[in-house]
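[1] Got a sequence here, can you build the structure:
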Amino acid sequence: VKFLWPMTWLFQVVRLSGATFFQGWEQRHDYSNDLMRTQKVFKELGQSFWSERQPNGYSDDPAEWMSAEMFERRLRFAHAIYENGRVRRSTSKIMDRIGANPATRQLVASLGMSPRDQFVALMCSPELMGLENA
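    Okay, here's the model as predicted:
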């Protein structure tokens with residue numbers, strides 16, 4: 001099974017959506033709270049550069065970051081990015097841009113008209129999570 005590392009998935013979501021979920025260099029002193037500081041974000045996703053690591057770096061075994069809890073965290077992050085990240089691209093434009101497969105398009109369409117729900121479904125779909133044969 002091929003499954004995207006948490007950090008790779010997060011960068012993909014932000015880049016595809018055009019969201020501005022993280023501080024940029026110019027804003028490093030502007031935020032009154034640290035809710036979107038990368039250190040906390042990466043730690044919450046289970047892949048932090050600033051935490052203790054295995055002797056050989058991050059695990060290559062997806063089973064270590066493919067649990068229900070870690071999937072739920074990705075759902076929450078996708079929701080937060082939609083709600084707070086000033087997403088600039090619609091779900092349909094993102095699907096067209098990546099050439100989303102029919103199963104992904106059907107999954108997104110099955111969630112009705114809520115743009116937020118469609119966004120979360122797309123970003124957490126098997127195809128965008130990096131699962132082979134999605």
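
[2] Grab the nearest non-local neighbour of residue 125.
    Setting aside the residues directly before and after it, residue 125 is nearest to residue 104 in space (Cβ to Cβ, 6 or more residues apart in numbering), at 4.8 Å. The C-beta positions use only the backbone N, C-alpha and C, and glycine is treated the same way.

[3] do residue 131 as well
    Setting aside the residues directly before and after it, residue 131 is nearest to residue 3 in space (Cβ to Cβ, 6+ apart), at 6.1 Å.

[4] Surely that neighbour and residue 127 touch.
    No: shown here, residue 3 and residue 127 do not form a contact pair, counting by Cβ atoms under 8 Å, at 11.9 Å.

[5] Starting from the longest helix belonging to the chain, tell me the next helix or strand along the chain.
    Ranked by residue count and defined by DSSP state H, the top helix of the chain is helix 68-84. Stepping forward along the backbone from helix 68-84, the first helix or strand reached (DSSP states H and E) is helix 91-98.

[6] which residues of this protein fall in helices?
    When assigned using DSSP H, the helices of the chain occupy the ranges 6-17, 38-45, 68-84, 91-98, 102-109, 115-123.

[7] Enumerate the positions of the first one that are buried.
    Within helix 6-17, the residues scored as buried using 16 or more other Cβ atoms under 10 Å are 6-7, 9-10, 12-14, 16-17.

[8] then it to PDB, C-alphas only?
    Included here for helix 6-17 are C-alpha records, laid out as PDB according to Å, rounded to 0.1, in the frame of the first residue of the first chain:
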ATOM      1  CA  PRO A   6       1.200  13.300   6.600                       C
ATOM      2  CA  MET A   7       3.300  16.300   5.800                       C
ATOM      3  CA  THR A   8       3.200  15.500   2.000                       C
ATOM      4  CA  TRP A   9      -0.600  15.200   2.200                       C
ATOM      5  CA  LEU A  10      -0.900  18.500   4.000                       C
ATOM      6  CA  PHE A  11       1.300  20.400   1.500                       C
ATOM      7  CA  GLN A  12      -0.700  18.800  -1.400                       C
ATOM      8  CA  VAL A  13      -4.000  20.000   0.100                       C
ATOM      9  CA  VAL A  14      -2.800  23.500   0.700                       C
ATOM     10  CA  ARG A  15      -1.200  23.800  -2.800                       C
ATOM     11  CA  LEU A  16      -4.100  22.300  -4.700                       C
ATOM     12  CA  SER A  17      -6.700  24.500  -2.900                       C
END
